[in-house]
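J.: Give the three-dimensional model of this entry:
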Amino acid sequence: MPCRHYESDDWGVSSSAPKLKAELDKMARIACAAMEELVRQGKADFLVLKNEEVRDWWEKHVEADRREKARVAEEERKARVKAEALARLTDEEKELLGLKKPTVKKHKKFQLSKEIAKEFDESEKLIKILEEEYSKLEKGI
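T.: Numbering: from 1, shown residues only. Here you go, the predicted structure:
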């Protein structure tokens with residue numbers, strides 16, 4: 001059983017709340033382990049019938065554990081179904097459904113334009129150098 005103190009989940013966020021929650025969860029695990037052992041030995045009925053507080057806590061705890069196990073099982077089932085469904089789709093189908101980022105295919109024109117831009121940058125630099133040198137020659141430096 002997941003065994004924790006379910007009722008403390010809605011507490012405020014004071015600085016001591018997390019410590020108290022951890023301690024309550026620990027106590028719930030201890031009490032749960034003791035009750036599970038008594039159930040296994042067939043002795044739980046005596047304690048549960050005799051003490052109303054124990055009976056109420058145990059019934060609520062068993063039900064809360066059952067719901068938590070069902071919730072976790074449902075999450076796992078959904079994750080498994082999702083993974084299986086995605087595995088059946090092609091990359092193109094995933095992309096069209098917005099489940100995968102589109103892959104960028106490099107175009108020859110795009111590569112060519114990058115090369116031209118690089119050459120243009122180099123030409124601009126060369127022109128600037130030539131203008132500076134010409135300016136120096138005019139000044140007689």
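
J.: C-alpha from now on. contacts and neighbour counts both.
T.: Will do.

J.: And stretch 44-54, what's buried?
T.: 44, 48 (16 or more other CA atoms under 10 Å).

J.: who touches it?
T.: Stretch 44-54 is contacted by residues 35, 38, 39, 55, 58 when judged by CA atoms under 8 Å, 6 or more residues apart in numbering.

J.: could you dump those residues to a markdown table with distance to residue 125 and neighbour count?
T.: Listed next are the contacts of stretch 44-54 as a markdown table, based on distance: CA to CA, whole Å; neighbours: other CA atoms under 10 Å:
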| residue | distance to residue 125 | neighbour count |
| --- | --- | --- |
| 35 | 83 | 19 |
| 38 | 87 | 15 |
| 39 | 86 | 12 |
| 55 | 87 | 16 |
| 58 | 82 | 18 |
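
J.: Now, these that are in strands?
T.: Judged by DSSP state E, strands contain none of these.

J.: quick one: low-confidence ranges for this protein?
T.: The model of the chain has pLDDT under 70 over residues 1-15, 101-121, 141.

J.: Look up how far residue 74 lies from residue 81.
T.: 10 Å (CA to CA, to the nearest Å).

J.: among the contacts of stretch 44-54, which are in helices?
T.: Secondary structure from DSSP state H places 35, 38, 39, 55, 58 of the contacts of stretch 44-54 in helices.

J.: Closest to residue 20 out of the contacts of stretch 44-54?
T.: Nearest to residue 20 among the contacts of stretch 44-54: residue 58, at 20.5 Å, using CA to CA.

J.: For the closest one, list the residues it contacts.
T.: By CA under 8 Å, 6+ apart, the residues touching residue 58 are 32, 35, 48.
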